[in-house]
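> Got a sequence here, can you model it:
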Amino acid sequence: MTRITNKIRRNLDDIIRTESYHLDDAEIVVVSYGVSARTSMAAVDMAREQGIKAG
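Numbers count the residues shown, from 1 in each chain. Predicted coordinates for the structure are as follows:
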């Protein structure tokens, strides 16, 4: 377990990544992780097309 923990600590900059999407004027914020991120971005785009300030 120590080897894996050390490997994670050494690579934190590559593992932890965040991205903001249309948050400048958002009134509703969607938070997602992993494989659902692309779908969430598409949902934000659809909401914005309907006039909802999502991000």
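> Give me the buried positions along the worst-scoring helix or strand of the chain on mean pLDDT.
In the chain, no helix or strand scores lower on mean pLDDT, DSSP states H and E than helix 12-15, which sits at a mean of 84. Going by neighbour count (16 or more other C-beta atoms under 10 Å), nothing in helix 12-15 comes out as buried. Where C-beta positions appear, they are placed from N, C-alpha and C, glycine not excepted.
> what's the answer for stretch 23-35, then?
Ala26, Val30.
> hang on, the earlier thing: what's next to the least confident helix or strand of the chain, contact-wise?
Ile8 (C-beta atoms under 8 Å, 6 or more residues apart in numbering).
> same check, this time on stretch 32-41
Glu19, Tyr21, Val30.
> Over to that stretch now: how far is its first residue from its last?
The stretch stretch 32-41 measures 9 Å between its terminal residues, going by C-alpha to C-alpha, to the nearest Å.
> Now do the same contact list for the spatially closest residue to Glu27 that is not a sequence neighbour.
Leaving out its chain neighbours, the residue that sits closest to Glu27 by C-beta to C-beta, 6 or more residues apart in numbering is Lys53, at 4.3 Å. Counting by C-beta under 8 Å, 6+ apart, Lys53 touches Asp25, Ala26, Glu27, Ile28.
> Report the contact partners of the third one.
Contacts here follow C-beta under 8 Å, 6+ apart; on that basis Glu27 touches Ile52, Lys53, Ala54.
> Same check on the first one?
With contacts taken as C-beta under 8 Å, 6+ apart, Asp25 has the following neighbours: Lys53, Gly55.
> if we go to 7 Å?
The contact partners of Asp25, taken as C-beta atoms under 7 Å, 6 or more residues apart in numbering, are Lys53.
> Within the helices and strands, which one has it?
Asp25 belongs to no helix or strand when elements are defined using DSSP states H and E.
> quick one: the helices in the chain?
Remark: helices assigned in the chain by DSSP state H are 2-10, 12-15, 37-49.
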